[in-house]
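Trainee: Provided below are the primary sequence and the corresponding predicted coordinates.
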Amino acid sequence: KVIQEEIEAFVISNESEVEQFRIQFVGRKSRLASLFDGLKDVPAENRREVGQALNQLKNLAENKFNQAQESFADAKSSFEIPSDLTVSSPVQQGTLHPLTLVRSRILEIFNRMGFSVSDGPEIETDFYNFTALNFPANHPAREMQDTFFIEKGAGEIQDDVLLRTHTSNVQIRLMQHQKPPIRSVMPGRVYRNEAISARAHCLFHQVEGLYVDEKVSFKDLKDTLYHFAKEMFGKDTKVRFRPSYFPFTEPSAEMDITCLLCKGEGCNVCKQAGWVEIAGAGMVDPNVLENVGIDSTKYNGFAFGMGIERITMLKYQIKDLRLFTENDVRFLRQFN
Ligand code: PHE
């Protein structure tokens with residue numbers, strides 16, 4: 001009885017107490033073991049009963065000892081500092097998302113050409129997403145952007161607050177707060193009301209670029225994007241510029257590169273065999289400069305915008321855009 005109470009009351013709170021407990025109740029020279037030794041002196045008629053009681057005590061002590069030993073072994077292994085600090089961790093580490101990797105690479109390439117990085121809101125007003133960018137009211141170019149508008153509540157649409165459809169809103173915010181020269185890239189999430197497919201999503205990522213200074217030329221724009229394409233996709237990449245239209249640039253262009261997915265055969269990424277569009281661009285429309293109070297007779301500039309998903313698909317030969325948002329670890333672990 002006394003020993004049973006002692007075993008139950010014994011508090012084990014560190015490794016040396018585990019050892020003390022072992023010496024007293026579990027080891028071959030423990031007090032419990034000597035009681036077993038005394039069993040031979042117990043009168044034969046009581047021996048069975050005493051033996052059972054001792055066995056119960058033994059089980060009690062051993063269980064308590066094993067539990068304590070295990071819990072301190074766990075604690076020990078998780079805190080132990082390996083003797084060789086260069087041994088890699090047995091814990092599997094996560095990998096960066098391919099869009100994160102490519103965004104970093106894009107920013108790095110433009111950083112080296114002197115572009116800073118700027119940020120802006122995803123929930124935006126009509127002014128920053130459209131009006132200041134020279135989209136006239138009711139102009140069809142607004143419709144082309146498949147805008148999500150924000151509900152005021154009770155189903156009432158608030159048509160001047162929206163999810164930005166492009167990162168061009170950051171151009172405006174930047175030019176409002178900074179005087180030329182301005183040279184910045186603006187990465188971020190954008191939203192368009194489009195059906196989700198291998199080629200399109202309602203949520204995707206863009207990087208906008210803006211350069212405003214005195215005497216910026218269209219050649220500067222072409223050289224910048226040309227250099228970007230070679231850095232991103234390799235020096236054998238060919239580029240071509242096609243005339244295009246954006247309300248906020250004049251003249252406007254789109255830049256294609258040779259499709260790295262199908263190598264000229266045509267595929268679901270480069271619809272027109274062999275060429276795939278990677279950026280919209282142009283010279284900043286003087287109206288846009290005037291809208292933010294920059295003197296358009298003194299300054300001019302260029303802007304461009306590109307989709308990070310498209311660039312990532314080309315870079316890593318990914319044929320379905322939906323993979324980016326499905327979070328399948330078998331896909332994600334391939335990018336290191
Ligand atoms: N904002 C345009 C788009 O999303 C891309 C663009 C940016 C075009 C800058 C020209 C200049 O389609």
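Mentor: In hand now; what should we look at?

Trainee: which of the three states applies to the closest residue to the ligand within the stretch 51-200 of the chain?
Mentor: Taking Cβ to the nearest ligand atom, the ligand has its nearest neighbour within the stretch 51-200 of the chain at residue 166, 3.3 Å off. To be clear about C-beta, it is placed using only N, CA and C from the backbone, and glycine gets the same treatment. Assigned by DSSP: H, G, I helix; E, B strand; the rest coil, the conformation of residue 166 is coil.

Trainee: look up the closest residue to it, ignoring the ones flanking it.
Mentor: Distances taken as Cβ to Cβ, 6 or more residues apart in numbering place residue 190 nearest to residue 166, at 5.4 Å, with adjacent residues excluded.

Trainee: flag every buried residue along the helix or strand harbouring that neighbour.
Mentor: Here residue 190 sits within strand 182-191, counting by DSSP states H and E. The neighbour-count check on strand 182-191 (16 or more other Cβ atoms under 10 Å) flags 182-188, 190-191 as buried.

Trainee: reformat these as TSV; add pLDDT and distance to residue 124.
Mentor: Compiled in TSV, the buried residues of strand 182-191 are given as follows (pLDDT from 0 to 100; distance: Cβ to Cβ, whole Å):
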residue	pLDDT	distance to residue 124
182	98	20
183	98	23
184	98	18
185	98	18
186	98	13
187	98	16
188	97	11
190	97	10
191	96	10
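
Trainee: pick the one among the residues you listed closest to residue 230.
Mentor: Set against residue 230, the nearest of these by Cβ to Cβ is residue 185 (17.2 Å).

Trainee: near the ligand, which residues of the protein show up?
Mentor: With Cβ under 6 Å from any ligand atom as the criterion, the chain meets the ligand at residues 166, 168, 208, 246, 249, 280-282, 303-305.

Trainee: could I get those residues as TSV with pLDDT, secondary structure and distance to residue 117?
Mentor: Conversion of the residues of the chain next to the ligand to TSV gives the following (pLDDT from 0 to 100; DSSP: H, G, I helix; E, B strand; the rest coil; distance: Cβ to Cβ, whole Å):
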residue	pLDDT	secondary structure	distance to residue 117
166	96	coil	17
168	97	helix	16
208	98	strand	11
246	94	strand	22
249	97	strand	21
280	97	strand	20
281	98	strand	19
282	98	strand	21
303	98	strand	15
304	98	strand	15
305	98	strand	15
